[in-house]
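Student: model this:
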Amino acid sequence: MKLLSKLLISVTVVFASAAVLADDWLRSIPDFELTDHLGNTHTLKDYEKYDYAVFYVQGVGCPIARIALPNYREVRDEYADKNIGFTMFNSNIQDAIPRIAKEAEEFGIDFPIMKDEGQALAKALGVERTAEVFVVDPRTKEVLYRGPINDQLGYETQRNFASEHYLKDALNTIMAGGVVDMDGIPDSKGCLVAIF
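Tutor: Predicted coordinates:
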């Protein structure tokens, strides 16, 4: 009986730990005031006009973030009539706004790229890599999805076409009033964002 009791306690601790990790993985977004590469100021309140907002982690010089850009643009264009805001932010300490602006011009980035000075946004969200996206309810500050756009890109691999469309599936689930099952979502592939 003692063995069964210990086993039940162990299982309970494992499930409780998993629940805490899941909650920690989908953190809430804090209020922010950040300037983008065009000199415009953004706050979380600005995004309250949207039902949801999608934030993409950008990094100057990151090949995966550059290659994933058309996929992000495709999702934005497909959901253009769905009242969803799409933006980017850069938390790399080495990427100053002029450098970000140069990257945007060279690669035709037509999203605002906010500079996360002090890495406050990255720290609050738990950012680890570029090319990761966060779907947020701007009124509740709840992060509803965190992960890759799709499965087209990996480390040293690139498929011609994606077979899994994680961001689109997440948006469809969220807009239908559902909750995204994060258990089936792989980690994002991208360049490491060093958090200090």
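
Student: which residue packs closest to the residue nearest to the spatial centre of the chain, ignoring adjacent ones?
Tutor: In the chain, the C-alpha nearest the mean C-alpha coordinate belongs to residue 133, at 2.1 Å (C-alpha atoms, centre = their mean). Distance criterion C-beta to C-beta, 6 or more residues apart in numbering; nearest residue to residue 133, sequence neighbours excluded, is residue 56 at 5.2 Å. Yep, even glycine has a C-beta here, placed from its N, CA and C like the rest.

Student: okay, now the one you found: neighbour count?
Tutor: Number of residues near residue 56 (other C-beta atoms under 10 Å) recorded here: 26.

Student: Just list the residues touching it, thanks.
Tutor: Shown in contact with residue 56 (C-beta atoms under 8 Å, 6 or more residues apart in numbering): 72, 86-89, 111, 131-133.

Student: State the distance from residue 73 to residue 50.
Tutor: Computed with C-beta to C-beta, to the nearest Å, the distance linking residue 73 and residue 50 is 17 Å.

Student: starting at the chain centroid, how far to stretch 106-119?
Tutor: Taking C-alpha atoms, centre = their mean, to the nearest Å, one finds stretch 106-119 lying 14 Å from the centre of the chain it belongs to.

Student: so where is this protein shaky, pLDDT-wise?
Tutor: 1-25, 153-163 (pLDDT under 70).

Student: So which residues of it form strands?
Tutor: All strands of the chain, identified by DSSP state E, fall at 33-36, 41-43, 52-58, 84-90, 113-115, 133-137, 142-147, 153-154, 157-158.

Student: Among the ones you listed, show me which one is buried the most.
Tutor: Ranked by mean neighbour count, the strands of the chain are led by strand 52-58 with a mean of 25 (mean count of other C-beta atoms under 10 Å).

Student: Adjacent strands (with direction) for it?
Tutor: strand 84-90 (parallel), strand 133-137 (antiparallel) (DSSP bridges).

Student: by how many degrees do that strand and strand 142-147 diverge?
Tutor: Strand 52-58 and strand 142-147 are oriented at 40 degrees to each other (axes from the mean of the first three to the mean of the last three C-alpha atoms, to 10 degrees).

Student: mind checking how far strand 52-58 is from the chain centre?
Tutor: With C-alpha atoms, centre = their mean, you get 5 Å for strand 52-58.

Student: how about the CA coordinates for that strand, as PDB?
Tutor: Output of strand 52-58 as PDB, limited to C-alpha atoms (Å, rounded to 0.1, in the frame of the first residue of the first chain):
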ATOM      1  CA  TYR A  52      -5.600  39.200 -31.800                       C
ATOM      2  CA  ALA A  53      -2.000  40.200 -32.500                       C
ATOM      3  CA  VAL A  54       0.900  38.100 -33.800                       C
ATOM      4  CA  PHE A  55       4.400  39.000 -32.800                       C
ATOM      5  CA  TYR A  56       7.400  37.600 -34.800                       C
ATOM      6  CA  VAL A  57      10.900  37.500 -33.300                       C
ATOM      7  CA  GLN A  58      13.300  39.100 -35.800                       C
END
